[in-house]
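heads up, no residue letters with this:
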């Protein structure tokens, strides 16, 4: 079930992101949901067997990305690629996959790592799951700005500050919820 959800997640992210630049592209390029995907998949399906959690995290990341790039062939205007294949859908899919090669490589690292974390926190039945999620949403804008500053020419982090502000505020609200909901009770 978790892997089906991963596929649907990838497809929905591609459809939401769409073909235009703007705020939808900025939200669609947010990485926190992609890191939470293997975390939740492993938490849903494993009993913290390290290898199983890592494998579920990897599979969820890969299946989500395949869903995303498969949906992109219908969402994006990729253009003709007769040199790739005599079958246009195959050519578009291959071009789409090639465009996201770096994300597949990164998912080979992040999927197992976040899968292991998800399996571990599920087994411990701890509130750390919510803390981890909140932390990702608070820190992503910071890492995004550092990435833009030192490694990339992408400007959507800078062009759409409201997206990143809302993401960070969501993380802070989740932290407040955790503190209020799960604070230790005093015994009298």
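Great, that's in hand. This structure is a prediction, so every number in the text was calculated from the model and none was measured. Numbering: from 1, shown residues only.

starting at the chain centroid, how far to the longest helix seen in the chain?
Identified as the longest helix of the chain according to DSSP state H is helix 50-75. Centre-to-centre, helix 50-75 and its host chain are 10 Å apart (C-alpha atoms, centre = their mean, to the nearest Å).

heads up, I number from 26, so please use that
Will do, 26 is the new start, and the previous item becomes helix 75-100.

avg pLDDT for stretch 132-141?
For stretch 132-141, the mean pLDDT works out to 92.

in it, what's buried?
By neighbour count on 16 or more other C-beta atoms under 10 Å, the buried set for stretch 132-141 is 132, 135-141. To be clear about C-beta, it is placed using only N, CA and C from the backbone, and glycine gets the same treatment.

list the contacts of it.
59-64, 66-67, 71, 75, 78-87, 90 (C-beta atoms under 8 Å, 6 or more residues apart in numbering).

how far away is the spatially most central residue of the chain from residue 91?
By C-alpha atoms, centre = their mean, the chain has its centre lying nearest to residue 59, at 0.7 Å. Between residue 59 and residue 91 the computed distance is 13 Å (C-beta to C-beta, to the nearest Å).

neighbours of residue 149, just the number please.
Using other C-beta atoms under 10 Å, residue 149 is surrounded by 11 other residues.

hmm, back to that, out of the contacts of stretch 132-141, which are buried?
Members of those classed as buried by 16+ other C-beta under 10 Å are 59-64, 66-67, 71, 78-87, 90.

packing partners of the following helix or strand past the longest helix of the chain?
Next along the chain after helix 75-100, taking DSSP states H and E as the criterion, comes helix 113-124. Using 3 or more C-beta pairs under 8 Å, 6 or more residues apart in numbering; DSSP states H and E, the elements in contact with helix 113-124 are helix 75-100.

how far off helix 113-124 does the helix it packs on point, in degrees?
130 degrees (axes from the mean of the first three to the mean of the last three C-alpha atoms, to 10 degrees).

mind giving me the packing neighbours of helix 75-100?
Using 3+ C-beta pairs under 8 Å, 6+ apart, helix 75-100 sits against helix 27-42, helix 57-70, helix 113-124, helix 126-149.

right, and the helix or strand after the least confident helix or strand in the chain by mean pLDDT?
Taking mean pLDDT, DSSP states H and E as the measure, the chain has helix 181-184 as its least confident helix or strand, at a mean of 62. The C-terminal neighbour of helix 181-184 among helices and strands, as given by DSSP H and E, is helix 186-206.

residue ranges with poor pLDDT in this protein?
The chain contains residues with pLDDT under 70 at 46-47, 51, 73, 102-113, 150-151, 176-185, 208-213.

what is the burial count for the closest residue to residue 74 other than its chain neighbours?
Of all residues not flanking residue 74 in the chain, residue 144 sits nearest, at 7.2 Å (C-beta to C-beta, 6 or more residues apart in numbering). Neighbour count for residue 144, taken as other C-beta under 10 Å: 28.

what do you get for residue 48?
Residue 48, neighbours per other C-beta under 10 Å, totals 13.
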